[in-house]
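Participant: need a structure here:
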Amino acid sequence: MPPRAFPPRWPGCSGVSAEYSVAVRELAAFCFRAGDIDHRLRPSPEAREGIEGHQRLYRRRPESYQPEYAVDEVFQCGELALRLRGRADGFDPDARQVEEIKTCRVDPQLLPEALSRSHLAQARLYAALIARAQDLPELEVRLTWLHIDEDREYPLSQHYARAELEDFLHWALERFGAWLGQLHRQCRARDASLAGLAFPHGNFRAGQRDLAERVYKCVDRGGRLLLEAPTGIGKTAAVLYPALIALGQGKHERVVFCTAKRSGRRAAEQTLELFRAAGYHGRALTLTAKERVCLSPGKACHGDDCPYARGYYDRLPQAMAAALASPALDQQALQSLAREFSVCPYELSWDLLPWMDTVIADFHYLYSFTPALAPLADSGRRSSVLLDEAHNLPARARGMFSGRLARKGVLAARREVPAGPLKCALDKLNRILLALEKTGETGASSVLEAVPDGVQQALQLLASQVGEELARRPLAVARHAGLMDTYFECLQLLRCIEHWGPDYRCELNWQGGALQLRCNCIDAGRLLAERNQRQHAVVAFSATLSPFPWARESLGLPLDSVCFRAASPFAPEQLQVTLAADIDTRYARRAASLPALAARLRQWLQAVGGNCLLFFPSYRYLQDCLDLVGEVPGRRIVAQLAGESDADRDAQLALLATHRSLAVFTVLGGSLGEGVDLPGDLLSSVVIVGVGMPGLDDDTRLRQHLFQQRFGDGFAYAFQYPGMQRVAQALGRVVRGAGDCGRALLIDTRYREPRYRELLPPWWDYSAAMPALPMPELPVPEPPEAGVGASRPE
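Facilitator: Reported below is the predicted structural model:
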């Protein structure tokens, strides 16, 4: 895929004219891409390997060769001054040669034509600038591909007269200048609208002004901020408003609103719509998953298979120009543009991304290892990141930074391919995994601090061979589902190994007699910190970021981050919290206390009217209790099951909207535990069973050990804090607005302990206790067999 065009550095739009700065590479990408999208997978060198390859070639060049030759010149483009800058990979004044070096892992003839076209254009632009600066009549332009694995050069040379180079440069400047002028006029209109933009809800709600002021100061200083505020205070509006005001003042160049759930994305889109209704003129883009926005499901992402990929770059300029007229580029708007101009809506969103004022995206798009997503994280613009429901990020990031590979998958892939280099690569990987498999026993596991010898080399060989085959026979290779699954798993493992550190473990598991190798990120803080450092400012906000030192470490934010807890706009009596601290819900005591728990829940459901959500630590515990509770007069009882889809959750929310005596049994940390808005009488009470701690498994044990070494309290960091975070989120479901009120019941003996009580949201009163009930005569179910259900730490 050719490089994407990124915008110049924006100096602010307050004057009649302005100077913009753009890199030569970005100008080439914007002006000279043509032809099809071609996402046929090809392995590419890592950044470190690319640098080493360049250094290798520099050592082979003559003494007159000048590497990293800087160019810098200012041109007038209408009312705008455009500063064109960059570094040519090499300039040899004796040979009158300009060289651009690119590294690869496949034969350059197999790379997309659009990619080579863009790279050659980049070299010609460098040559034009050097010819002007050195007053040279002609230059040789050389594009050199270096195959990293073969250490072989593939040169392509052409000679150009200075006049040809000048024409080429001026055509690019004219085209880019016209686009930039249109954006500049929109930028000035945006800033003018922001200068007088009032908060869309009229007056700030109690606590919102404090949030807004701190966000503005954070952006102004380029800082890091953790905000904890009650659910229902209006955090999205209070955070977005100052970020946009700062945008109009030139304090940053883009706002990136990141969230974990669809509900968060919808809230951001709706808030921006309120701003637009109040007079805001700005551009916003919602990045949407490819499978959701695709207009040709099942088609491969290249011009030979998909009509929206065929000739994409030829029609892209018209589509981008039309997109500027749309202030809100969500899924529907992108698909409409894609149909009108016959372009891929997913690719269109990424080509529009650099020019947007506000971007709404899932955490994955900002933090993932995936190279294709790098434009959001590494655009070079001064972006301020707003992390919505930031407490979700650490767990999501651990998954993004981990990978696994099963030997069964390698064997399945091996059966799909004929004899040849690809099968040999699979054989080599299989032999290494087989040798590891023979060292363990079925059902056992082993944890290592490093990846075993030979694994990385075997993964690299397989990735390279698959890439070569994909470049030659893309459709045929892509039909091998097992091979492609193994290929993607290999790529992810290689990324994990590249980022290896003390927060990684290599796990070998023998399940069913077959080995699974896993590179497990047990703490994502270090890798999140690396990505956060690229941003101008980072604001993490949630209703549950306590205690702040733990949240700061988990999110990869520095020690000097500002931490602020907003005052609640709600009166304590709006949520009447009752403690039932006479029932022990710890794993080892659940069977014995289950009859008392079931009786307590029946009592609550009969005494407290309205819709009720009942939260449990696990699905197994939920089902055991539900069996004992049975039917409750006047109540309709439904249960959320493991593995339910978004559609199932939406159906449950629809039931809550149409019933007023519903009892929904669900789990802490599930889809109903956060990110759902049930105002007014849609929800009257919640019951929370237990303290929400994660299950006791290999991952939590590893985290506990790591945090014990780092902070001296591994139990709190791995179990207690994440668990009470879930409890606080569930408590926040009831009171969502100034007129809301309701009740909550917390059930567990540990709520007597200060170390748990002090982690509860401080804006409610927890002094009310529920009287103990006599032990009911109810049958006690058999305890679960070993390995069934999630065990819990005590």
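
Participant: now do the helix or strand encompassing residue 656, average pLDDT.
Facilitator: Assigned by DSSP states H and E, residue 656 belongs to helix 646-658. Mean pLDDT, computed over helix 646-658, is 87.

Participant: name the helices or strands packed onto that helix?
Facilitator: strand 662-667 (3 or more Cβ pairs under 8 Å, 6 or more residues apart in numbering; DSSP states H and E). Bear in mind the C-beta positions are built from the backbone N, C-alpha and C, glycine included.

Participant: sheet-wise, list the partners of the strand it packs on with their directions.
Facilitator: strand 612-616 (parallel), strand 636-639 (parallel) (DSSP bridges).

Participant: out of these, which one sits most buried?
Facilitator: Across the strands paired with strand 662-667, averaging neighbours per residue (mean count of other Cβ atoms under 10 Å) puts strand 612-616 on top, at a mean of 27.

Participant: now that strand - C-alpha only, PDB.
Facilitator: What follows is strand 612-616, C-alpha atoms only, in PDB (Å, rounded to 0.1, in the frame of the first residue of the first chain):
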ATOM      1  CA  CYS A 612     -33.400  -4.300  39.000                       C
ATOM      2  CA  LEU A 613     -30.000  -5.400  37.800                       C
ATOM      3  CA  LEU A 614     -28.400  -8.200  39.900                       C
ATOM      4  CA  PHE A 615     -24.600  -8.500  39.400                       C
ATOM      5  CA  PHE A 616     -22.600 -11.700  40.100                       C
END
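
Participant: need the residues that contact it.
Facilitator: Applying Cβ atoms under 8 Å, 6 or more residues apart in numbering, the contact partners of strand 612-616 are 601, 604-605, 622, 625, 662-668, 672-673, 683-690, 692, 726, 730, 733.

Participant: pretty sure residue 83 sits in a strand.
Facilitator: Yes: when DSSP: H, G, I helix; E, B strand; the rest coil is applied, residue 83 is found to be in a strand.

Participant: which strand residues bridge it?
Facilitator: residue 21, residue 74.

Participant: in contact with it, which residues?
Facilitator: Counting by Cβ under 8 Å, 6+ apart, residue 83 has contacts 8, 19, 20, 21, 22, 72, 73, 74, 75.

Participant: likewise for residue 78?
Facilitator: 177, 178, 181.

Participant: ok, it to residue 182 distance?
Facilitator: 10 Å (Cβ to Cβ, to the nearest Å).

Participant: where does the prediction get shaky in the stretch 251-400 of the chain?
Facilitator: Along the stretch 251-400 of the chain, segments meeting pLDDT under 70 span 371-375, 377-380.

Participant: so where do the strands sit in it?
Facilitator: Ranges of strands within the stretch 251-400 of the chain are 254-259, 284-286, 328-329, 358-362, 383-388, based on DSSP state E, counting those that start in this stretch.

Participant: format those as CSV; extra columns: mean neighbour count and distance to residue 347.
Facilitator: Supplementary listing: those in CSV, determined by neighbours: other Cβ atoms under 10 Å; distance: least, Cβ to Cβ, whole Å:
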stretch, mean neighbour count, distance to residue 347
strand 254-259, 26, 20
strand 284-286, 24, 13
strand 328-329, 22, 13
strand 358-362, 24, 16
strand 383-388, 26, 21
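
Participant: would you format those strands as CSV with distance to residue 302 included?
Facilitator: Shown next, in CSV, are these (distance: least, Cβ to Cβ, whole Å):
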stretch, distance to residue 302
strand 254-259, 29
strand 284-286, 24
strand 328-329, 24
strand 358-362, 25
strand 383-388, 31
